[in-house]
Every structure is written in C-alpha cells, then in structure tokens.
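>>> my questions concern the predicted model and sequence given below.
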Amino acid sequence: MLCDVTMRAMSGVDLGIELMAIRSDVPIILMTGFSELVAQEQARRMGFRELIMKPFGVSDLAKTLRDVVDQAKGDG
C-alpha cells in the first residue's frame, strides 16, 4: 500500500497503523513532501516498509516498490 502522510480525513501514518493492526503482512510505503513530519527511521520503527520523499520520479517510485515487494517475498 502507498499512502501519503498528509491526507484529508486521516493521516497516512494513522491509516497505516490501523491497517497493520488488521493485516500486518501488507507492506506499506509512506510518501511525504515534508521531512519534518516523519523521518525514515521513525517510519520503520512504526512498521512502515519505506518512506519516499516527494517529489519523486517514476523510476524512484518503481525502485521503491520493487524493493518493498522483494523484501515482503523474503519475509514470507
């Protein structure tokens, strides 16, 4: 799952934490344009697989998705 830290009704962090409580096997990537809201290590400690900073290009997103999918396969 890919979710933005800043969303309208619920933050991506809150959404991710709720999803992890239901389905801990679903890898979640956070994206943000505001580095002061959450840091890479902080996101990982919370259980997120990756944090990607906006703006990012298609190749950066593709690499992040591939890394997370490969990591999830290795966890199983």
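Received it, and whenever you're ready, just let me know what you need.

>>> please count neighbours and contacts with C-alpha atoms only from this point.
Fine.

>>> longest single helix anywhere in this structure?
Longest helix in the chain by number of residues (criterion: DSSP state H): helix 58-75.

>>> give me the number of neighbouring residues for K63.
Residue crowding around K63 was assessed by other Cα atoms under 10 Å; the count is 11.

>>> L19 and C3: what is the separation?
Here the criterion is Cα to Cα, to the nearest Å. By it, L19 lies 11 Å from C3.

>>> so which residues of the protein form strands?
Secondary structure of the chain, counting by DSSP state E: strands at 2-4, 29-32, 50-53.

>>> list the helices and strands the second one packs on?
Counting contacts by 3 or more Cα pairs under 8 Å, 6 or more residues apart in numbering; DSSP states H and E, strand 29-32 is packed against strand 2-4, strand 50-53.

>>> where does pLDDT dip in this protein?
Applying pLDDT under 70 to the chain flags residues 76.

>>> so which of the strands of the chain is the most surrounded?
Comparing the strands of the chain on average neighbours per residue, with mean count of other Cα atoms under 10 Å, the densest one is strand 29-32 at a mean of 22.

>>> from the chain's centroid, how far away is that strand?
Centroid displacement of strand 29-32 relative to its chain, using Cα atoms, centre = their mean, to the nearest Å, is 4 Å.

>>> and if you look at stretch 48-61?
Between the mean C-alpha point of stretch 48-61 and the mean C-alpha point of its chain there is a distance of 9 Å (Cα atoms, centre = their mean).
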